[in-house]
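Engineer: fold the following.
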Amino acid sequence: MGTFSRLRRAARRQLDPEAWEGQGLSPVNWTVLWLILISVAFGVVATEKTIADQLGMSLFIIDHTILGVFAAEYVARLATIGLNPRFAGGGGVVRYALSPASIADLIVLAPMFMTAPPTWLLIFRLLRILRLVRLAELPRINTALSELGEALGAKRFELIMTLCGGALLLIFSSTALFLAEKDAQPEVFGSVPRALWWAVVTFTTVGYGDAVPQTLMGRFLAGFFAIAGLAFGAMLTGVFASALSDAAKIHRTRRQTGAGREPPSKE
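Structural biologist: I've put the predicted structure just below:
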């Protein structure tokens, strides 16, 4: 095996989460993860004009240095992706380049090759969080998501019924508040869609205070539907909690039986 081939395999083990034999992420992917978080943090901070003015050219240099690292890492992955059995063969690189994770990487790198207004630059910076999609391709994460999806699928009837009940509760409450408050507050409760805003912020326990019933009947109905909204939230939480519990049981069962284990790397 030549030196180039050994370097290519070593690079693949660092870059491809599927090829890393250790626990969690490889050192290179940990570095990429931290660079993603740092770049997103800088993108958020840069929206504050006073801070952006103080950083000045430093912000530009840091931003493009991180983009340069991302570009080098992307090129290295293209050069080593053929070692992955899923992308072996003549068209493997093309298939990988057209995958959602690879397209997300290209979107992140777009500011290196184009000029964009500050608003679009912020969007591109925040889109760097999409690069976590590729790092999430770890076998353990895929297994966990599969088990959670299996558990939620088993609870789909309860989930659908709970969501339908919540939708009906929103419609009933907004209609009732419309009938009770339309004359007292036409600008807030003058239609069912307007009253629907009150229902949404009340059921989510946000309660902005911009829509408050004034009539006695409106306040009575609002109190009743607010309590009903809490009950709906508790039901939905219960369904998800039950699904998470079932997913944990599925995981424990498969670990005990040895099912679902990832085959060891043969490299």
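Engineer: quick check: residue 251 touching residue 144?
Structural biologist: Yes. In this structure, residue 251 is within contact of residue 144 by C-beta atoms under 8 Å, at 7.2 Å. Heads up, the C-betas are built off the backbone N, CA and C, glycines and all.
Engineer: buried residues, the helix or strand hosting residue 9. List them.
Structural biologist: Using DSSP states H and E, residue 9 falls within helix 3-15. Buried residues in helix 3-15, defined by neighbour count with 16 or more other C-beta atoms under 10 Å: 8, 11, 12, 13, 14, 15.
Engineer: now stretch 228-237
Structural biologist: 228, 229, 232, 236.
Engineer: do the same with stretch 152-164
Structural biologist: Buried residues in stretch 152-164 (16+ other C-beta under 10 Å): 152, 158, 159, 162.
Engineer: just give me the closest of those to residue 212.
Structural biologist: Closest to residue 212 out of these is residue 162 (27.8 Å), distances taken as C-beta to C-beta.
Engineer: the closest one contacts residue 240, correct?
Structural biologist: No. Between residue 162 and residue 240 there is no contact under C-beta under 8 Å: 9.7 Å.
Engineer: so where is the protein shaky, pLDDT-wise?
Structural biologist: 1, 24, 114-122, 130-142, 207, 258-267 (pLDDT under 70).
Engineer: all helices of it, in order?
Structural biologist: 3-15, 27-45, 49-55, 57-80, 92-97, 100-109, 118-126, 132-135, 139-154, 156-181, 186-189, 192-203, 216-257 (DSSP state H).
Engineer: give me the buried positions along the second one.
Structural biologist: Neighbour-count burial for helix 27-45 flags 29, 32, 35, 36, 39, 40, 42, 43 (criterion: 16+ other C-beta under 10 Å).
Engineer: circling back to that earlier point, just the buried residues of stretch 228-237 now: which is nearest residue 128?
Structural biologist: Nearest member of the buried residues of stretch 228-237 to residue 128, counting by C-beta to C-beta, is residue 236, at 31.8 Å.
Engineer: how far away is the nearest residue to the closest one once chain neighbours are set aside from residue 231?
Structural biologist: Excluding its sequence neighbours, the residue lying closest to residue 236 (C-beta to C-beta, 6 or more residues apart in numbering) is residue 162, at 5.3 Å. Between residue 162 and residue 231 the computed distance is 11 Å (C-beta to C-beta, to the nearest Å).
Engineer: for residue 96, same thing?
Structural biologist: From residue 96 to residue 231 the distance is 48 Å (C-beta to C-beta).
Engineer: residue 190 now?
Structural biologist: For residue 190 relative to residue 231 (C-beta to C-beta), the value is 28 Å.
Engineer: again with residue 145
Structural biologist: Residue 145 is 30 Å from residue 231, by C-beta to C-beta.
Engineer: swap in residue 99?
Structural biologist: In terms of C-beta to C-beta, residue 99 sits 43 Å off from residue 231.
Engineer: how about residue 253?
Structural biologist: For residue 253 relative to residue 231 (C-beta to C-beta), the value is 33 Å.
Engineer: now do residue 87
Structural biologist: 50 Å.
Engineer: stretch 98-111: how far from the chain's middle?
Structural biologist: 16 Å (C-alpha atoms, centre = their mean, to the nearest Å).
Engineer: stretch 51-65: which residues count as buried?
Structural biologist: Neighbour count says stretch 51-65 has 55, 59, 63 buried, by 16+ other C-beta under 10 Å.
Engineer: spit out the contact partners of the nearest residue to the second one once chain neighbours are set aside.
Structural biologist: Meaning residue 59. The spatial neighbour of residue 59 that comes closest, neighbours along the chain excluded (C-beta to C-beta, 6+ apart), is residue 46 at 5.8 Å. When contacts are counted by C-beta atoms under 8 Å, 6 or more residues apart in numbering, residue 46 touches 52, 55, 59, 122, 125.
Engineer: OK, contacts around the second one?
Structural biologist: Residues counted as contacts of residue 55 (C-beta under 8 Å, 6+ apart) are residue 46.
Engineer: what about it, distance to residue 68?
Structural biologist: 18 Å.
Engineer: go on, the first one?
Structural biologist: Here the distance between residue 52 and residue 68 works out to 21 Å (C-beta to C-beta).
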